[in-house]
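**Student:** Fold the stuff below for me.
(chains A and B)
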Number of protein chains: 2
Amino acid sequence: MATRSPKKQAKRPGRPARAGGGQRKSSGAKKAARKSGSRKAAARGKASGTRARRSVYFFGGGRADGRAGMRELLGGKGANLAEMSRLGVPVPAGFTISTVVCNEYLEGGRRIPKRVKDEVMAALARVEKTMGGRFGDAEQPLLVSVRSGARASMPGMMDTVLNLGLNDRTVEGLAEQSGDRRFAFDSYRRFVQMYGDVVLEVPHDRFEAALADVKRKRAVEADTELRADDLAGLVATYKTIVREATGRDFPDEPMRQLWGAIGAVFGSWNTQRAVTYRRLNDIPAEWGTAVNVQAMVFGNLGDDSATGVAFTRDPSTGDRRFFGEFLPKAQGEDVVAGIRTPHPVTREERRAGDPAALEEVLPGPYRELRRVAKLLERHYTDMQDLEFTIQDGRLWMLQTRSGKRTARAAVKIAVDMVRERLIDRDTAIRRVDPGSLDQLLHPTLDTTSAPPPIAQGLPASPGAACGRVVFSAEAAEHAAGRGDKVILVRRETSPEDIGGMHAAQGVLTALGGMTSHAAVVARGMGKCCVSGCSALQIDPSTGRASIAGSELTEGDVITLDGSTGNVFKGEVATVAAELGPDFDRLMGWADRARRLAVRANADTPGDAELAVRFGAEGIGLCRTEHMFFAPERLLAVRRMILAGSREERAAALAEICPMQRDDFFGIFRALGGRPCTIRLLDPPLHEFLPHTRDEVAELAADLGIPVAELDAKVAQLREFNPMLGHRGCRLAITYPEIYEMQVRAILEAACGCLDEGIRPRPEIMIPLTSGAEEMRVLRELVEGTARTVLSERARRVAFSIGTMIEVPRAALVADRIAEVADFFSFGTNDLTQTTMALSRDDAGKFLPTYVERDLLPADPFVSLDTEGVGRLVELGLERGRSTRPDLKVGICGEHGGDPASIRFFEELGLDYVSCSPFRVPIARLAAARAALGGDG
Amino acid sequence: MATRSPKKQAKRPGRPARAGGGQRKSSGAKKAARKSGSRKAAARGKASGTRARRSVYFFGGGRADGRAGMRELLGGKGANLAEMSRLGVPVPAGFTISTVVCNEYLEGGRRIPKRVKDEVMAALARVEKTMGGRFGDAEQPLLVSVRSGARASMPGMMDTVLNLGLNDRTVEGLAEQSGDRRFAFDSYRRFVQMYGDVVLEVPHDRFEAALADVKRKRAVEADTELRADDLAGLVATYKTIVREATGRDFPDEPMRQLWGAIGAVFGSWNTQRAVTYRRLNDIPAEWGTAVNVQAMVFGNLGDDSATGVAFTRDPSTGDRRFFGEFLPKAQGEDVVAGIRTPHPVTREERRAGDPAALEEVLPGPYRELRRVAKLLERHYTDMQDLEFTIQDGRLWMLQTRSGKRTARAAVKIAVDMVRERLIDRDTAIRRVDPGSLDQLLHPTLDTTSAPPPIAQGLPASPGAACGRVVFSAEAAEHAAGRGDKVILVRRETSPEDIGGMHAAQGVLTALGGMTSHAAVVARGMGKCCVSGCSALQIDPSTGRASIAGSELTEGDVITLDGSTGNVFKGEVATVAAELGPDFDRLMGWADRARRLAVRANADTPGDAELAVRFGAEGIGLCRTEHMFFAPERLLAVRRMILAGSREERAAALAEICPMQRDDFFGIFRALGGRPCTIRLLDPPLHEFLPHTRDEVAELAADLGIPVAELDAKVAQLREFNPMLGHRGCRLAITYPEIYEMQVRAILEAACGCLDEGIRPRPEIMIPLTSGAEEMRVLRELVEGTARTVLSERARRVAFSIGTMIEVPRAALVADRIAEVADFFSFGTNDLTQTTMALSRDDAGKFLPTYVERDLLPADPFVSLDTEGVGRLVELGLERGRSTRPDLKVGICGEHGGDPASIRFFEELGLDYVSCSPFRVPIARLAAARAALGGDG
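**Tutor:** Numbering: from 1, shown residues only, chains lettered A, B, ... in the order given. Below you'll find the model as predicted:
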């Protein structure tokens, strides 16, 4: 991870790279090139600056021509091997042919230049000298691997060629050296197959067919059952296949093999697959790939040989203890394949019945491994994941890299390393992936005791939940009223289900994606949710349900894992979220490092308390419509909607007003003086009306009007595109009484708080504004109502009036809107829907295809579409501040809790982000990392 | 109308106005000020440049200190009065106090400066001398009117004060002069009331109450029945009312009256009403108003007196004949009020039974009037609408202005005047309002024979239509098949009604606004439509309908007037559209003057022919979905939609392909080599599926699948927000076969045309594109299919591939999209919906309120929202051309036929507009006017 901001590095474009320093620019240069659009020029500038230098870089025997910082020239793998060798870590010797040669090769008629050939020969001689074998020698054959290695990781771009240097003569030497003829011929067989496939482009299946043929003839099942002679015969067959397919003999001469492999690696840079990968990942073609040629070592040459992996600390808990696994007399692939059960590395790990630890079997190499592990952790100042091979009692390190770890381990390791003075606090902040904190914040299933899941849906909202199945929101509320734990199971959810979702432990839906109503609301509530579970079938007409074929009845107990999308029958034990002092310490550092304020989206006093507990500095979005859905209020709300006159409407609203006031009072109290942005009513009114015939009939009876009349009213309010319909502030333009009531409730609640000594800071927010004129009218409405209430109460309350920016037009005319708005809050959910003409509820049919086929960089409802929607946010911000320089600007969409989006908001200079309470710690950490300018 | 482009004038901001030339800048300066945002500075710059000059400008007796060009200083009215006087036209003398004084007055403590007072006294003396009376004199009293007059017309900003100068003494002089005591006291009574209301701000209703009181006491109905003594008594009562309301006596002294009125006019500039009006109309406060003080003349002073109006040419036909109406012994108000039937002005007009013409009664003043009329028409080079008064045998002109006229008259007058060398061709183009041409292009009702309408809806699509009522699209098609003329009457229409709409003479709907489905489609077809007729009730369950209370039965004959929204019972005669040679000549001039190309939106060979006939240079939008709705194709389309596999889908598409090919073939042939932009399938697939239970059952039977299965499929395809759903090119990402079939049909049709010697120019357009990646994939799809078809046929067809820009994101990333698109067509209908988050189908509930309350400048679906949506169009254009400088850019929304929007597109530099065939001539003319830089 670069310690300097890539932005700063990008300030020197076109300047030739300097030895030892230039390579640091890689990530910055990439960004700069992307921005300026002159990617080619930037990449060429660098390449030409280094053209005159060395082409081949030797490493091994405690020396190296390169080092870790030279990724640009040597690729990631080559640079890392050089660094290890330089540190004195035992690495099989080898050399790296630089990326510059790749361009020369591709542009110069696919020939390896003479100069490079000479350097390769010289480097190969150094490898022979260091390793004590000879390339192509029949007695002491040196075998090598040939691998590509680009500046950026490009997985699967090209396969590796192993065991290069084998032919009918050298295989005998290997057989003798190893004392294992079968091993030698299996290595040979694999080499010919790999080389034939990768270098000579002979279709892979032909070799597979020949192999299957031999096994059939020998009547064996596994490759391992073939004997040395079978394998020798197979080599001959393979060579015939090659001759038939290419018209030429398989190259037996090791140097020819080597030149062929090097050329193939360079050529692989321009395969269709690689070109596509680069386009999708914004990697300039001019970067080229390096080629690594490295001596082979074998962990299976005898009893003194072994292979294994180790971690410098526990990747699961973060505890500072060395541990790992190994297999005696085995190759790396065997450990990964899991055919043999690995043995523990340390004595400490060894449990009863375990075979002997490496510490006991090979104490010398073990001590060396511990020494190297310590050295590498100190050198890279991070927990390392190591791969090693012991050949004839001698330790060889094949790989070291920062180890993957759980969120819990990441936090502990980062905080411990600060304590150990290995890293500073900023680095600690950069070491924890904010997104991973989700694991820590929600209760999780105890996976050790879980049975196999019965079905799987989408991991829509993390956490674990267990309860009895209910099929309606009413049933959920009813059961919750009795103290029962329930899971709300629905085909899909709608705003009417909010109460039921609140009451349930978790939500399971058959339809809808990661951003469906159920998913979004559940995440907002911090409630576990599995959505889009296609194995779930609910017949709306019969009310019967089944899951994965078996019937699902109301009252059945199920368990959901919102982090994996798994659904379990019965109860599975859960583990509560445990944050601990390390977590608090890290978050404290993050708070000091960040510039962006972090608020929460919260609609209830309970959510507000939770938000404060998770470190929110206030509420950035308090939706008021959820308050309208409470069953005891819904009738008054419906009466208001169906009112025939302004007076009737006002009477119904007067009923709702004291309830809203109590809501706000509770929220203000929970916030204790922190600011609270309250969004006035937003959804279209028809969302509050019943949909089914029965519900309509019931409501008509309640209201004492004919069903036909109610039907007509419901039909009249129905909309083709509710998203673009009569909602948000448009409601207040036609029915000003609604917002008047809400403003009254807010300010009466605020006055009530003053009596208790709390100074609330309400920020009244107008939704769906699209122009300055409508904002002006509504500002006047809010101010007028506020004046009335405050003079009635003879109180003074400091409040501000702002607007959501969630309609593209609002961003375009933000300069004029800012003249009458104290703050902006970008509602990036709706702004994404309108800017992309993409209905979140309907996108499930095509959005996954778009993301999968890279037609969009990511799901734009998860991570802000910076290229499109982000441009509008930028424009709105610039224009808004052009007329009101002190405009406070935040965002309150789902993106407020997404680290990638937060990085973008930091770059733009927004004032705050607001997200669901459970994502507040994530946002705090992400904001800190963004402020530090880190890449991750 | 200014003859120089306001743009050019605006190039000299801040330079002080020069006498005689500076005032021309007014409209240019306004625009410049609006653009730069420094409106105040610009306005102040001008004001200070003229501050040192004269404050009061006399006119009358063939002289004037001012002239027509000095609007800025004298206001419109003052400048015009000065001009008439200068021309020697007999105008009652008077003077104008300049707008500069208004600012001085308002900023200087509401006092009229001494210098101004002196100038007023001097000017008043000149008026007395010219008119031969004396202000305040008891024997020969000069009375004056006091009126405001701003640079821009601000109707209703301030009422006029007439008869100023009357008091208890001068009224006697007036009585004697006029020989009509009642007239004198009625004038006095009116003066006190007007002055009390306007200047002294005494509530109007108090005077009305006193008047009603007197009438009650005298037991009369009309004001005119009151006698002189009653009126004298009323004056006294009025004065008491004034004293009670203001605490002061009514000012009897004429000079005090005058200063009071002048101050009140200046003060009226800052009333709330005026401030609001200015804000809404973008008029700078710094402009101020002028005050006009003018001698009163009376057309009712005796038998030699009269008053009337006249036109220099026939405003209905445009014929070059002078004509008008007058009333002997009457005041101007009497003509307007219509209480007395006016007499003809010329002998020629006089019909049997008519009273004597002015020409006969007062031949001297008549000759003078003819002379003046000719003079004014020549001077203003336009048909004039004149107001005149004859007092004691002497003609006075009170007003001249360009007369309103029908479209037919406008065309004829403009062409005639070019012939007469009064104006040049560019001016002729500017003289015809493009929007008014609509009247000419559609058949219209013969209003002379029409009975009163039975109901009124919205004038959704102009023209007239008569036929028998049908209630379904099928019935319409059926009846049309029999050759019957029908009117399709629906609650609202949907895409399934297209066929029926085509078959019907006109469409009447109960719901929906000017931009509802019915309205838009009907306009596109050039078919008469009345939408949103709330008096129309259709009960969907019983199928019974009524209109304005009386039953409406299938087969009843009704007539629609799409230009007024009127609905008539029975048949009303219509007048066919008559264009004639004048129209053709004017359009020819327009074609030479315009820069923008004009294309038509057309989906059928018939529409394409019509478009060519109306002068379209090609098709800018050929929608392909209407072709899918034809009854014989719909089953195949539905089979395609419901297909379970790619193969089934391909089989259904193969059925549709030849039909689409024939469609395109017909269109290409109609275009004869003109370009044709074809939009590939756009609507969501569920639009093609049945909605009612019966239709579903029928389709299930047709397809041989269970109803439940079809139900499930229909439910699955249903969308919450179809506008933002799975449609446009998203269909092709998931089902590429659809576009492949369409591209095949297009290119096969093109190959077929080549065989007939026609070189078609297809331009294939991708709808709803939102990013470069998706456009790239679809471009490849189109190119691949095209290659296949052209190689099959061994033909070469020149075609291009472009995209709609109708999603905000597309405009934001237009630079990248342009890399893979040959052309852009802004789909401003959808772009407006998404940019404003405004569903056209749902906006009816609040959009009218927005337009009415000036929260939006206009209905954004009629006239482009230049501030918001227009900004995105500009951005998309700039960015698109930044990567592809030769990008062809047009628009194909409803706005393509709207003159105001066309002006905007001309300013942006678009290449073409496309609109419905019937609006093509409007667009041609509007484009010409826009190119000429005219204001109107």
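**Student:** Where is the longest helix in chain A?
**Tutor:** Identified as the longest helix of chain A according to DSSP state H is helix A:646-671.
**Student:** Now do that helix: which elements does it pack against?
**Tutor:** helix A:605-613, strand A:619-623, helix A:631-642, strand A:675-679, helix A:736-755 (3 or more CB pairs under 8 Å, 6 or more residues apart in numbering or on different chains; DSSP states H and E). To be clear about C-beta, it is placed using only N, CA and C from the backbone, and glycine gets the same treatment.
**Student:** C-terminal to the host helix or strand of A:Arg585, what's the next element?
**Tutor:** Using DSSP states H and E, A:Arg585 falls within helix A:580-593. As assigned by DSSP H and E, the chain's next helix or strand after helix A:580-593 is strand A:597-601.
**Student:** May I see the buried residues of that following strand?
**Tutor:** Buried residues in strand A:597-601, counted by 16 or more other CB atoms under 10 Å in any protein chain shown: A:Ala597, A:Val598, A:Arg599, A:Ala600, A:Asn601.
**Student:** partner strands of that strand, parallel or antiparallel?
**Tutor:** The pairing partners recorded for strand A:597-601 under DSSP bridges are strand A:619-623 (parallel), strand A:912-915 (parallel).
**Student:** which one among the buried residues of strand A:597-601 gets closest to chain B?
**Tutor:** Of all those, A:Asn601 has the smallest distance to chain B: 20.5 Å, by CB to the nearest CB.
**Student:** tell me which residues form a beta bridge with the closest one?
**Tutor:** A:Leu621.
**Student:** That one: what's it in contact with?
**Tutor:** A:Gly524, A:Ile619, A:Gly620, A:Leu621, A:Cys622, A:Arg623, A:Cys892, A:Gly896, A:Ser914, A:Cys915, A:Ser916, A:Pro917 (CB atoms under 8 Å, 6 or more residues apart in numbering or on different chains).
**Student:** just the helices in the stretch 151-300 of chain A please.
**Tutor:** Using DSSP state H, counting those that start in this stretch, the helices of the stretch 151-300 of chain A run over A:170-178, A:181-198, A:204-218, A:228-246, A:254-267, A:272-281.
**Student:** Against which helices or strands is the helix holding A:Arg585 packed?
**Tutor:** Helix A:580-593 sits against helix A:407-419, helix A:425-431, helix A:920-932, with contacts defined as 3+ CB pairs under 8 Å, 6+ apart.
**Student:** how about the nearest residue to the closest residue to chain B within the stretch 351-500 of chain A, chain neighbours excluded?
**Tutor:** Distances between the stretch 351-500 of chain A and chain B by CB to the nearest CB are smallest at A:Ser494, namely 9.5 Å. Leaving aside its sequence neighbours, A:Ser494 sits nearest to A:His517 (CB to CB, 6 or more residues apart in numbering or on different chains; 6.3 Å).
**Student:** The one you found contacts A:Glu492, doesn't it?
**Tutor:** Yes. Using CB atoms under 8 Å, A:His517 is in contact with A:Glu492, at 6.8 Å.
**Student:** These two: who's more crowded?
**Tutor:** A:His517 (23 against 17; other CB atoms under 10 Å in any protein chain shown).
**Student:** So, low pLDDT: which residues of the stretch 1-150 of chain A?
**Tutor:** A:1-52 (pLDDT under 70).
**Student:** The same query, at a cut-off of 90, please.
**Tutor:** Along the stretch 1-150 of chain A, the model assigns pLDDT under 90 to residues A:1-53, A:68-69, A:71, A:76-77, A:80, A:108-109, A:149-150.
**Student:** Which residue ranges of it form strands?
**Tutor:** Secondary structure of the stretch 1-150 of chain A (DSSP state E, counting those that start in this stretch): strands at A:56-60, A:63-64, A:94-97, A:134-135, A:141-142, A:144-150.
**Student:** cool, the stretch 351-500 of chain A as well?
**Tutor:** For the stretch 351-500 of chain A, the strands defined by DSSP E, counting those that start in this stretch occupy A:384-391, A:394-402, A:444-445, A:455-456, A:458-461, A:464-470, A:486-490.
**Student:** Most tightly packed of the ones you listed?
**Tutor:** Greatest average neighbour count among the strands of the stretch 351-500 of chain A goes to strand A:486-490 (a mean of 28), per mean count of other CB atoms under 10 Å in any protein chain shown.
**Student:** Output the contacting helices and strands for that one.
**Tutor:** Using 3+ CB pairs under 8 Å, 6+ apart, strand A:486-490 sits against strand A:464-470, helix A:473-481, helix A:498-503, strand A:506-509, strand A:536-538.
**Student:** what about the first one, average pLDDT?
**Tutor:** Strand A:464-470 shows a mean pLDDT of 91 in the predicted model.
**Student:** again, but for stretch A:572-591
**Tutor:** 87.
**Student:** buried set for that stretch?
**Tutor:** Here stretch A:572-591 shows A:Val572, A:Thr574, A:Asp582, A:Phe583, A:Arg585, A:Leu586, A:Met587, A:Trp589, A:Ala590 as buried, counting by 16+ other CB under 10 Å.
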